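>>> 3D model of this:
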Amino acid sequence: MAELTHGTWVLIADGEKALFLRNDLDEHNPDLNVVREEEQDNPSDFDQSANKPGRKGDTGIGQSSAMDDTDWHELAKERFADDLADLLYKQAHKHKFERIVIVAPPQILGELRKQIHKEVASKVIAEIPKTLTNHPLDKVEEMLRDELAEA
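All right, here's what the predicted structure looks like:
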């Protein structure tokens, strides 16, 4: 059973913001405190696109089809997950944490899982597929305690 014991870290992330928290009490009364905060400026895809999607000629006379443009917003989210994986490795390598819970939306969680180093993966005690980046810490503490008690 995963518990939020004293010293356990919690990473709460989405595609643009990440909070690194540490539990300074115990699993019954978690007290999460911010260790580090990371944020990325990631405007909407519309704001990042240079122009409208391109067109290519089809086999018919005068016909053309729209081509999908790169989704820069999604690419930036994936890059942010890669950066977080690197940061987690550096922190684990410095022995900053022995246990960590990762909370992120399913897509970001999947991207992190792909990029995370095995040294970090061995310290992950739970993964929670939720978006909690904009919740107050007292609510996050309650939610985590309840989620981990059910696991």
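>>> make it CA atoms for all contacts and neighbour counts henceforth
Fine.
>>> Residue 39 and residue 13, how far apart?
10 Å (Cα to Cα, to the nearest Å).
>>> hang on, I meant residue 91
16 Å.
>>> now do residue 30
Residue 30 sits 19 Å away from residue 13, taking Cα to Cα as the criterion.
>>> more neighbours, the two?
Taking other Cα atoms under 10 Å, residue 30 and residue 13 do not tie; residue 13 has more neighbours (28 against 21).
>>> Need phi/psi at the more buried one.
Per-residue torsions, residue 13: phi -140, psi 160 (degrees, to the nearest 10).
>>> That one and residue 130 touch, don't they?
No. Residue 13 lies out of contact with residue 130 (Cα atoms under 8 Å); the separation is 9.2 Å.
>>> anything in contact with each of these two?
In the contact map built from Cα atoms under 8 Å, 6 or more residues apart in numbering, the residues linked to both residue 13 and residue 130 are 103, 104, 105.
>>> Restricted to strands, list those residues.
Counting by DSSP state E, those place residue 103 in strands.
>>> Strands along this structure, start to end?
With DSSP E as the criterion, the chain has strands spanning 9-13, 17-23, 32-39, 55-57, 64-66, 100-103, 124-128.
>>> list the helices and strands the helix ranked longest in the chain packs on?
For the chain, the helix that runs over the most residues, judged by DSSP state H, is helix 72-93. The contact analysis (3 or more Cα pairs under 8 Å, 6 or more residues apart in numbering; DSSP states H and E) places helix 72-93 against helix 45-48, helix 106-115, helix 118-121.
>>> hmm, who's touching the last one?
Identification of contacts with helix 118-121 by Cα under 8 Å, 6+ apart yields 88, 89, 92, 93.
>>> Pull out the buried members of those residues.
Buried residues within the contacts of helix 118-121, counting neighbours by 16 or more other Cα atoms under 10 Å: 88, 89, 92.
>>> Which of the residues you listed sits closest to residue 24?
Nearest to residue 24 out of those is residue 92 (Cα to Cα; 17.9 Å).
>>> separation between residue 107 and residue 129?
Taken as Cα to Cα, the span from residue 107 to residue 129 is 9 Å.
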